[in-house]
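Engineer: A structural model of the following input is requested.
(2 chains)
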Amino acid sequence: MYELEQLLQQHFGYSTFRPGQKEVIEAVLQGQDVIALLPTGMGKSLCYQLPGYILNGPVLIISPLLSLMQDQVEQLKRFGEKRVVALNSFLKANEKQKVLQHLTNYRFIFTSPEMLALPIIQKEFQKIQFSLIVVDEAHCISQWGFDFRPDYLKITEWIPKQHRPPILALSATATKEVVNDIKNYLHIVQPFEYIHSVERANLHYDIVKTQSVDEKFNWIIDHIVKTEGPGIIYTQSRKKTVAYAEALTAHHIQAAAYHAGMGALDRQFIQQQFLADELEWICATTAFGMGVHKDNVCQVIHDHIPATMANYMQEVGRAGRNGDDALAILVYSPKDEEYTQYIATEELPESFHVGLYEEYVKRGENPKKMLDLNQISETGYRVLSYWMEQLPPEKAIQKLNSLKQQKVEQISQVATFVKEDHCLREHLVAYFDQKLEQKPSNCCHNCGINYNDIIKKRNGMTEKKELNTWVERLHLILPNL
Amino acid sequence: MYLQQLMLDIFQKFDGQRSETAAFHLICGKRSGQTIQDVGTFGLEAYFSIMPKLSKQQYLEAFEQLIENGWVFYDEQKTLQLTTRGKDVLEKSNAFHFNGWFYRGNEHVFFKRLSLIVQTFSYVKVKDFRFNPIQKDEEIQAWVKYFLMRHPYKDPSFHLQFRNEIENSIKNLHISEQAKQIVMFRLTGFHLTGWTWQQLASQFDCGELDVQFMFVELLHTWLDLLTLESAQFPLLYRLTENIRIENLLTDSTQKTADLFKRGYSLEQIAMMRHLKTSTIEDHFVEMAMIIRDFPLHQFIDEADVEKVMDVLSTTESKRLKIIREQIPQFSYFQIRLVIAAKGGEYNVRA
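Structural biologist: Sure thing, here's the model as predicted:
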């Protein structure tokens, strides 16, 4: 018999498990399918990392985001694991070939849904006896799977129905509905379920209503100037991230923009600056956060109505990981709901796209031409072509309409939350089908909240620092003996 | 602003004979016969491929800014010219030090190696061996690992030796302090993370592209120095391995050159490669430009070369059509070959 705690110490240097980890790992080791809902930053990855050292055969981890995958591979490498690989589109053809030839040499194989859709990968994978299949961020199957990530729906196609390895589905936040979707699409029957409470007693929720976009912007800047970070502002456009960063920098606050349009190295710089407390505020689109483990974030500000409650939960969940009190403020103005609706649905195909697609097929042409002619966005085409392959045209139109309806519905759920006049905490917990045991003081906007009890006031103004000369900088990085 | 000064310099050298699009292809390093030939004709080696990722939109915005500033205009003959103010701006700006022809983007590989090595030293110093590498590219990581294994990378005096090489080589570069700062702030050390382009741009109150061009320019001069003074900077010189492009021919031209060396004629090569004769002609022009002992006389007599050269040095225009009108006995191809092979010489004579 192995002692789990001993292995934990040996491979990862921790002496005790965090809540939920041991239960999940034990179920995995018994060969059960498992659905584990653990909050971000609570060591979800350990639930497959540790079994990797006990089970025979490689562990396959399917991960929706390349950056997240990269992060996890590096984490394992830092723990001294060499038999780990990420099989993704970054690999050059010859590298991919090499990896595929030696699959069984690896302990951990990470891959993306897109890769799994390739016949060559499926063929090679079918030859391998995996000891465990992990679906990370499994809520994507439901939340995005229906539309934006159709590939996620196909990830189990290649897995043999008989004698398949156990599946571990991991997620941070999911409603009952989503958990059901996960079970259906992954063909999981009678899994062991571990569901961590979404309640975070040290998070305090405020909602601020403003009359205009300008007022909203000014309120946020003013608030940040008066209080202390570190914190994250979540906004909806790349332009806005830069606008916030510049306004804060003008007040000599260490702030920077972060969005998916920046180069990979620049995004790394921002993440690392933030982790090292060289930056106090990040002004980001929702691209920021996955795989960023910073414990001392004490404020998260939204300047918009998020597209889903799950998004909101994930984003505010990045505050207060160290257990200290933290503040989540959502600032909104009248037209915000419509704007989020516009953004969330603009890329969805319309019924006339279905007609166009049909015409191309009838003429014997590749409907992909729609992309070249700018008749549809890339995401839109991905969704459209998936459903056109699955359904007859009338049904596809229905499907697309219902997708749109779903999105609108999800946004209005967030809007209802924002306009709630009872306890926000109760509302949140109930949304995820759980019960609230007890309320902390300074609970939320509606129960009463006093910022000064939660976060610190800023102590005087930070001075603008003189920039080091190039020689100074060089000597700072590579100091004397 | 920096990009615009750079464009002024290119347009000045084009002398009204190419459009702004040609300059865009030049900066991006388009591997086409026309662009490669422009490099030779107008002596624009420095700018070839200095910003392969430049988007057309960014470029056009910069160009419109030039027009708005009244620095360039299209005259009645629809040729692109610098205004007096444009010439003035160009004269007052510092000389550029790009050397794109020989690096073509490889300068970034050099910098990636450097930054990972510097980061390693900085973390090794505080005994942190599990840091998050700032360079994710596995090829770079493997190269650096190989380098470190062959040097006493845990030895603080080695770090100092490395730092001295950086300091003493950069000190000698005739380039702005700002560019030196930019390069140092793109490096990462323990609790000293690198800065993004946006952060640098807002610090120096200029555009992100300007910062990126200054960065590339510094790397080019730095690499030139390290190549020239390799004995003085042995460690950094090792980092320049396979950075400078030795074989300057583009891939397709290289194939043509191989067949030519084996004795096949232009027409035979076109047949064998299933390519148009005009494409193979482009290859030959590129070869004439780059290969030192290109047998020009196989295509045009020695005496005729002189005739063409005379016309080239007396004609202001570099437009082929205008040149050929004066020497209709030669084909376009022959004239292009002479321009390519003798480009430098007649420029000097003129």
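Engineer: where does chain A come near chain B, residue by residue?
Structural biologist: For chain A, the residues in contact with chain B (CB under 8 Å from any CB of the partner chain) are A:70, A:74, A:78, A:95, A:242, A:245-246, A:249, A:256-257, A:262-266, A:268-270, A:272-273, A:276, A:278, A:467-471, A:473-481. (C-beta placed from N, C-alpha, C; glycine too.)
Engineer: Narrow those residues to those in helices?
Structural biologist: Among these, the ones falling in helices (DSSP state H) are A:70, A:74, A:78, A:95, A:242, A:245-246, A:249, A:264-266, A:268-270, A:272-273, A:470-471, A:473-477.
Engineer: Kindly supply the ChimeraX command isolating those of these that are buried.
Structural biologist: Applying 16 or more other CB atoms under 10 Å in any protein chain shown to those, the buried members can be selected in ChimeraX as follows:
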select /A:70,74,242,245,249,265,266,268,269,270,272,273,470,471,473,474,477
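Engineer: Which residues are in contact with the residue of chain B found nearest chain A?
Structural biologist: Closest to chain A within chain B is residue B:189: 3.3 Å, counting by CB to the nearest CB. By CB atoms under 8 Å, 6 or more residues apart in numbering or on different chains, the residues touching residue B:189 are A:476, A:477, A:478, B:118, B:119, B:122, B:123.
Engineer: For the first one, which residues are in contact?
Structural biologist: Remark: with contacts taken as CB under 8 Å, 6+ apart, residue A:476 is in contact with A:468, B:189, B:192.
Engineer: Same question for the last one.
Structural biologist: The contact partners of residue B:123, by CB under 8 Å, 6+ apart, come to B:129, B:131, B:189, B:190.
Engineer: before we move on, which element is it in?
Structural biologist: helix B:107-125 (DSSP states H and E).
Engineer: next helix or strand past that helix?
Structural biologist: helix B:138-149.
Engineer: hmm, who's touching the following helix or strand past that next one?
Structural biologist: Per DSSP H and E, helix B:138-149 leads on to helix B:156-171 as the next helix or strand towards the C-terminus. With CB under 8 Å, 6+ apart as the test, helix B:156-171 has contacts from A:470-471, A:474-475, A:478, A:480-481, B:117-118, B:121, B:124-125, B:151-152, B:180, B:183, B:222, B:225-226, B:229, B:232-236.
Engineer: let's see it at 7 Å
Structural biologist: The contact list for helix B:156-171, computed with CB atoms under 7 Å, 6 or more residues apart in numbering or on different chains, reads A:470-471, A:474, A:478, A:481, B:121, B:125, B:151-152, B:180, B:222, B:225-226, B:233, B:235-236.
Engineer: between the residues you listed, which is closest to residue A:9?
Structural biologist: Of all these, residue A:9 sits closest to residue B:125, with 28.4 Å by CB to CB.
Engineer: Share the number of residues neighbouring the closest one, please.
Structural biologist: 17 (other CB atoms under 10 Å in any protein chain shown).
Engineer: Tell me the residue of chain A that sits nearest chain B?
Structural biologist: Counting by CB to the nearest CB, chain A gets nearest to chain B through residue A:477 (3.3 Å).
Engineer: what residues are up against that residue?
Structural biologist: Contacts of residue A:477 (CB under 7 Å, 6+ apart): B:118, B:122, B:187, B:189, B:192.
Engineer: Not counting sequence-adjacent ones, nearest residue to it?
Structural biologist: Excluding the flanking residues, the one nearest residue A:477 by CB to CB, 6 or more residues apart in numbering or on different chains is residue B:189, at 3.3 Å.
Engineer: Now that we're looking at that neighbour, what pLDDT does it have?
Structural biologist: Looking at residue B:189, its pLDDT stands at 94.
Engineer: so what's the residue nearest the centre of chain B up against?
Structural biologist: In chain B, the centroid-proximal residue (CA atoms, centre = their mean) is residue B:100; its distance is 1.2 Å. Counting by CB under 7 Å, 6+ apart, residue B:100 makes contact with B:29, B:45, B:46, B:47, B:48, B:49, B:50.
Engineer: where are the low-confidence patches of chain A?
Structural biologist: Where chain A drops to pLDDT under 70, the residues are A:1-2, A:40-41, A:143-150, A:291, A:461-464, A:481.
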